[in-house]
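Trainee: everything below, folded, please.
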Amino acid sequence: MVNLGPALLCLSPQAFIIYSLLAVVGNTEAAGAWVQQGCPPFSCGHLQGIQYPFRQKGDPSECGVQSYEIICSDARAIIHINTGRYYVTNIFYNNSTFWAVDANAGNSSCPVPRWDQLPYSSSGVSGSDGNIELATVKDAMWVLFVNCSKVINSPTTSYAGWYGYPPVTCHSAKNSFVYAVRLNLELGQLSDTVESVPPSCGYLGIIPAGDSRQSYILSSDDDVVDVRAIARFGFAVRFPFTAGQWKLSKIITTCLADSIRHFKAQFNGASIWGKGSSVIWSEMYFLRCVYGNSGRPELYWPILGLLSAIEIVKYIIVLAILLRFVLAPLAVWIFLAHRYWKTRITIDAVEKFLQMQETVGPMRFAYTDIVAITSHFGHKLGQGGYGSVYRGMLPGDVNLAVKILCRSMCNGEDFISEVSTIGRIHHVNVVRLVGYCSEEPRRALVYEYMPKGSLDKYIFSGKKRFSWDKLSEIGLGIARGIDYLHRGCDMQILHFDIKPHNILLDSNFVPKVADFGLAKLYPRDNSFVPLSAARGTIGYIAPEMISRSFGVVSSKSDVYSFGMLLLEMVGGRRNAAPDQNSSLEYYPSWVYDRLTEGRELGQTSAAAAADMHVLERKLCLVAMWCIQMKSQDRPTMREVVRMLDGSVDDLQIPPRPFFCDEEHSRVGDSHHFYSELTSVSEEDE
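Mentor: Residues are numbered from 1 along each chain as shown. The predicted model follows:
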């Protein structure tokens, strides 16, 4: 690592920041200096009208600035900077600079650059009051001298922004080769440049060399460098603006332009730290320039307040840019990535399940197959909460029912639930899932076709009526299907949506439990089921689904729904010839009253049959047991099957359900319970 010496410390951005702050606070010598009463201009040689900030030896202390004291000797103006003597050859008040030439430049044919005494610093001369600075004009030129241990073979080699390596023969020796490098750089870049000397070279010294007008003195094509000519040409030095002649607006304008130029010099080609420092501290350079050159201390706080406001606005702009072009796109990207991740998890879960299902379960169809099977969805069978159902056909005249799931209802959980439950079931009273389709975002379920449709269009119709035998047979078939769901598989399947609409009838009116969108699978030994929300259809939902005070959610919840289904089957049959006097009564309460009346009147089952059909009575008794308010009072579906398969004489009248109101426990005797039954033929649709 090259030892740069203490003179280069001031070239670092850190030293510049510290010295700038000290200069702003400590530079008070110029305060009030523009008041020059009793300080008339003076002349020295060809320099005429020399005034503030310069002074001549012997002037009163209030005249000029001590650092700019000129000694006139042999008609030549001499100024001392540090320990060096320099001739002032010209003064330019329009841009506040003067031209200085080393007084010792003519005493030697090969002067040595004095790196420890030259007046170059971006922050002022060390040991002075900070008012003398090297003029950092845009085309400022510097000459760097390096001492190398070996010859640089290519004088025109470009290295780290240098223009070449012309030799300095008057300083070179046998094993020491001195080269001069012309640098057209701003002062703030000198530190980085000096550190970039070739490995075989060491830093010797650096001198200012005016501007590009002096470029003819030092050319990369020269065989030797005329060090004396460089030293005699001189360099520009800045001094404070003459406040007595310049208005404050002029000072601010000039300082602003100078600060912008200084910022560009610091920013271009600097390291990351240098760029950051130039952005953060650029306003301090402007403050120091205005305050130090106006000589008016009262301007310090207003200028500092103005710069603070500018700094706040700058940070707001930077923050807005970050929010607009960095944080906002980042937030959008994170949101989209999170949404894609969640969607991908759902899709992956569905696809993983379906891949496992393909080996043991139903057939998987492509969406194009679904379109072909349904003849472009030409025959719509119905519309439900989860989608539309269309009739389809496979080769060989195999009829199918295709349910296209709605996008709003087609979530992965419900789809998996239906395929996993119905896909593994093979029972005469459970609808068979033939296949499925899953191509995001379209999903479909393919069932065996039930030509007679759903049960609700028969029990609530005044035209199509079942006989009590057929109605009892349908009820028993439904009970067997539900019992198989509860006990016939490795896992118990709870349907949670038993109702007439979800009971389908084949061509022989064999009932089949369908629509497993709300179904859940649980271990068979579970006595209760954890649920976060009620599931099912109003009117069929068990009380414990609403409040746990009625018991725990279990397979008994399906028993309750089946009980309400039985009552609707019986009620639908009665509603074929409705009685106006009883239409306002709660039907379960009315049925329970008729059942208890038979017992209270001491009627035998044969006598009761004259008024109420024996199968109707059986269905009503079983339904009353199923709709008990507390789940522990209800039978299991296995017990329900035995009840429906047994004799009505073996059935006892259950306790009154909690919701049956006493004041509605009686109806008029004028109601006639018996009605003739007509059977539905096998051919009816």
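Trainee: CA only for contacts and neighbour counts going forward, please
Mentor: Noted.
Trainee: and the helices in the stretch 451-600 of the chain?
Mentor: Secondary structure of the stretch 451-600 of the chain (DSSP state H, counting those that start in this stretch): helices at 456-459, 468-487, 543-546, 556-574, 587-600.
Trainee: which outside residues touch the longest one?
Mentor: Residues lying outside helix 468-487 but in contact with it, judged by C-alpha atoms under 8 Å, 6 or more residues apart in numbering, are 427-430, 492-495, 503, 509-513, 524, 555, 558, 562, 566, 569, 613, 615-616, 619, 637-638, 640-641, 644-645, 677, 679.
Trainee: swap in the third one?
Mentor: Contact with helix 543-546 is made by 533-535, 550-553, 557, 629-631, as judged by C-alpha under 8 Å, 6+ apart.
Trainee: can you check the fourth one too?
Mentor: By C-alpha under 8 Å, 6+ apart, the surrounding residues in contact with helix 556-574 are 459-461, 465-466, 471, 475, 479, 482, 494-500, 539-542, 544-545, 587-588, 616, 619-620, 622-628, 631-632, 634-637.
Trainee: could you say which helix or strand holds residue 419?
Mentor: helix 412-422 (DSSP states H and E).
Trainee: thinking again about what came up before, list buried residues within the contacts of helix 543-546.
Mentor: 535, 550-553, 557, 629-631 (16 or more other C-alpha atoms under 10 Å).
Trainee: returning to that earlier point: and the contacts of helix 556-574, which of them are in strands?
Mentor: Among these, the members found in strands (DSSP state E) are residue 494.
Trainee: and residue 381, what are its phi and psi?
Mentor: Torsion angles at residue 381 (phi, psi; degrees, to the nearest 10) stand at phi -90, psi -30.
Trainee: how about residue 639?
Mentor: According to degrees, to the nearest 10, residue 639 has phi -70, psi -30.
Trainee: give me the number of residues near it?
Mentor: 14 (other C-alpha atoms under 10 Å).
Trainee: equivalent analysis for the one 3 residues further on, please.
Mentor: Counted by other C-alpha under 10 Å, the residues lying close to residue 642 total 13.
Trainee: in the stretch 151-300 of the chain, what spans have low per-residue confidence?
Mentor: The model of the stretch 151-300 of the chain has pLDDT under 70 over residues 153-165, 184-196, 210-225, 240-248, 250, 265-281, 291-299.
Trainee: ok, of the contacts of helix 556-574, which come out buried?
Mentor: 459-460, 465-466, 471, 475, 479, 482, 494-500, 540-542, 544-545, 588, 616, 619-620, 622-628, 631, 634-637.
Trainee: residues of stretch 62-73 that come out buried?
Mentor: In stretch 62-73, counting by 16+ other C-alpha under 10 Å, buried: 62-72.
Trainee: nearest to residue 168, of the helices of the stretch 451-600 of the chain?
Mentor: The stretch from the helices of the stretch 451-600 of the chain with the least distance to residue 168 (C-alpha to C-alpha) is helix 543-546; that distance is 100.1 Å.
Trainee: got the CA coordinates for that closest one in PDB?
Mentor: What follows is helix 543-546, C-alpha atoms only, in PDB (Å, rounded to 0.1, in the frame of the first residue of the first chain):
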ATOM      1  CA  PRO A 543     -80.000 -28.200  16.900                       C
ATOM      2  CA  GLU A 544     -76.500 -29.100  18.000                       C
ATOM      3  CA  MET A 545     -75.100 -27.600  14.800                       C
ATOM      4  CA  ILE A 546     -76.400 -24.300  16.000                       C
END
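Trainee: any idea of the mean pLDDT in it?
Mentor: Across helix 543-546, the average pLDDT comes to 88.
Trainee: filter the contacts of helix 468-487 down to the buried ones, ChimeraX style.
Mentor: ChimeraX command restricting the contacts of helix 468-487 to the buried ones, with burial defined by 16+ other C-alpha under 10 Å:
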select :429,430,492,493,494,495,503,509,510,511,512,513,555,558,562,566,569,613,615,616,619,637,640,641,644
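Trainee: so where's the stretch 401-550 of the chain shaky on pLDDT?
Mentor: Ranges of the stretch 401-550 of the chain meeting pLDDT under 70: 407-411, 462-464, 526-533.
Trainee: let's go with 90 and repeat that
Mentor: 405-426, 432-434, 436, 438-443, 457-467, 487-493, 515-539, 544-550 (pLDDT under 90).
Trainee: which helix or strand contains residue 78?
Mentor: With DSSP H and E as the criterion, residue 78 is inside strand 76-81.
Trainee: what element comes up after that strand heading to the C-terminus?
Mentor: Using DSSP H and E, the first helix or strand after strand 76-81 is strand 84-92.
Trainee: show me what that following strand is packed up against.
Mentor: Applying 3 or more C-alpha pairs under 8 Å, 6 or more residues apart in numbering; DSSP states H and E, we find strand 84-92 packed against strand 47-50, strand 76-81, strand 97-102.
Trainee: may I see those strands organised as CSV, with distance to residue 178, mean neighbour count and mean pLDDT added?
Mentor: Listed next are the helices and strands packed on strand 84-92 as CSV, based on distance: least, C-alpha to C-alpha, whole Å; neighbours: other C-alpha atoms under 10 Å; pLDDT from 0 to 100:
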stretch, distance to residue 178, mean neighbour count, mean pLDDT
strand 47-50, 37, 14, 90
strand 76-81, 27, 19, 88
strand 97-102, 21, 20, 84
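Trainee: dump these into CSV; add distance to residue 166 as well.
Mentor: Putting those into CSV (distance: least, C-alpha to C-alpha, whole Å) gives the following:
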stretch, distance to residue 166
strand 47-50, 36
strand 76-81, 30
strand 97-102, 22
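Trainee: distance of residue 419 from residue 616?
Mentor: Residue 419 sits at a distance of 36 Å from residue 616 (criterion: C-alpha to C-alpha, to the nearest Å).
Trainee: show me where the stretch 51-200 of the chain has strands.
Mentor: For the stretch 51-200 of the chain, the strands defined by DSSP state E, counting those that start in this stretch occupy 55-56, 69-73, 76-81, 84-92, 97-102, 133-134, 140-148, 177-183.
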